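**Student:** heads up, no residue letters with this:
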């Protein structure tokens, strides 16, 4: 079956590309392998949908690892994302960290409004359509009604990366594009926790936040917090160090970032005779969780105040590397820059464009991931529209 425009993948990048095409007057078919759309988008919104970061467009774009994508992000940056959400009837607010959320916090109202607007513009959605590669010049799909062959004039691929396979991002598309001489860099975990083989006494701390710490790896220091989980260390503070940690860098934790080493040494040296190390540490400002981590990773603790203060300021975290790829919030790796034009068109597949996490880029948490997916989907949609309309 021939058709003007096809979008494969109904996440944020794919839906944005589809909307651009539909608003341009092009009949567009959106196909999604899963039974419903936006599954990873909905999962991200379970604890509060972080749409973007309230920051100047240039400063925001600088956080995106791929320099060649930064102009695309500047063209649809934080202010544009906020206006987009408001146009869907979702008011937004900026939290104390600068992160922007819908007032209702959840993703589902926004996604429902978006799907309704897409339908009103004439876009057609089909779920349960799983792309199975190429059949000559056609795209081949498995569907509940049997195999389907489509021959679109333009196609936007928005199939996600390689994390959270249960939600649809399983990288099954890699071999089919490799067959078409598309260069794809190996996927690596980004925004992911590290594995720790905890001792039994640490189980009582599972789920507890480790607050007000300095995290250091590979020459990068991140002030923030993380969470002790049964699997290891999770949270934004750890995620920011993912590039260094997956490269094998050691992780150290400053448990008292607001105290200098001399001040901490003096405080520990001023303890009463016979006072336990644990009490000395607590009086120095360390809570029970921080004391537990010291005992976990540095037992036996030194009695010398200077040596003990040095451990508090740079505690080696004995971890086993990043959690598995499928547990990562996002990925690095994907379609390489040299396989794409500035329009995000595949150089070996004319009229086929790519967007979202399929591309080789990496961004921190804090709204950068979602904003870049929306921006690249919009960019690819406009490029596909230009190809159709001249």
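**Tutor:** Great, that's in hand. Only a predicted model underlies this, so the values are computations on that prediction, with no experimental measurement involved. Residues are numbered from 1 along each chain as shown.
**Student:** and the residue lying closest to residue 104 once chain neighbours are set aside, what pLDDT?
**Tutor:** Leaving aside its sequence neighbours, residue 104 sits nearest to residue 90 (Cβ to Cβ, 6 or more residues apart in numbering; 7.0 Å). C-betas here are computed from N, CA, C, even on glycine. Residue 90 is assigned 94 on the pLDDT scale.
**Student:** measure residue 74 to residue 60 for me?
**Tutor:** Residue 74 sits 8 Å away from residue 60, going by Cβ to Cβ, to the nearest Å.
**Student:** My guess is residue 3 contacts residue 31. True?
**Tutor:** No - using Cβ atoms under 8 Å, residue 3 is not in contact with residue 31; the gap is 10.8 Å.
**Student:** okay, the two: which has more neighbours?
**Tutor:** Comparing residue 3 with residue 31 by other Cβ atoms under 10 Å, the one with more neighbours is residue 31, at 23 against 16.
**Student:** The more buried one pairs with what?
**Tutor:** Beta-bridge partners for residue 31, by DSSP bridges, are residue 8, residue 126.
**Student:** Next one: it relative to residue 351, how far apart?
**Tutor:** 17 Å.
**Student:** before we move on, what about residue 181?
**Tutor:** If you go by Cβ to Cβ, the gap between residue 181 and residue 351 works out to 16 Å.
**Student:** where along the protein do the helices fall?
**Tutor:** 12-23, 39-44, 57-61, 70-75, 78-87, 108-121, 174-178, 236-239, 242-246, 261-269, 277-283, 288-298, 305-313, 368-389 (DSSP state H).
**Student:** rewinding a little: and for the residue nearest to residue 104, the neighbour number?
**Tutor:** 22.
**Student:** what's it in contact with, if anything?
**Tutor:** 102-104, 109-110, 113 (Cβ atoms under 8 Å, 6 or more residues apart in numbering).
**Student:** one more time with 7 Å
**Tutor:** By Cβ atoms under 7 Å, 6 or more residues apart in numbering, the contact list for residue 90 reads 102, 109-110, 113.
**Student:** Could you do residue 81 as well?
**Tutor:** So residue 81 contacts 51-52, 371, 374 (Cβ under 7 Å, 6+ apart).
**Student:** Spatially central residue for this protein, please.
**Tutor:** The chain has residue 330 as the residue nearest its centroid, 3.7 Å off, counting by Cα atoms, centre = their mean.
**Student:** pLDDT score for the closest residue to residue 168 other than its chain neighbours?
**Tutor:** Residue nearest to residue 168 in three dimensions, not counting chain neighbours: residue 34, with 4.9 Å by Cβ to Cβ, 6+ apart. Reported pLDDT at residue 34 in the predicted model: 94.
**Student:** Tell me the spacing between residue 34 and residue 383.
**Tutor:** From residue 34 over to residue 383 (counting by Cβ to Cβ), the distance is 26 Å.
**Student:** Please apply the same query to residue 265.
**Tutor:** Distance, residue 265 to residue 383, by Cβ to Cβ: 60 Å.
**Student:** Then residue 55?
**Tutor:** Taken as Cβ to Cβ, the span from residue 55 to residue 383 is 26 Å.
**Student:** Residue ranges in the stretch 201-350 of the chain under the pLDDT threshold?
**Tutor:** 271, 273-274 (pLDDT under 70).
**Student:** returning to what we had before: which of residue 74 and residue 60 has more residues huddled nearby?
**Tutor:** Using other Cβ under 10 Å as the criterion, residue 74 and residue 60 rank with residue 60 on top: 25 against 17.
**Student:** Please verify my assumption that the more buried one contacts residue 78.
**Tutor:** Yes - assessed by Cβ atoms under 7 Å, residue 60 is found in contact with residue 78 at 5.5 Å.
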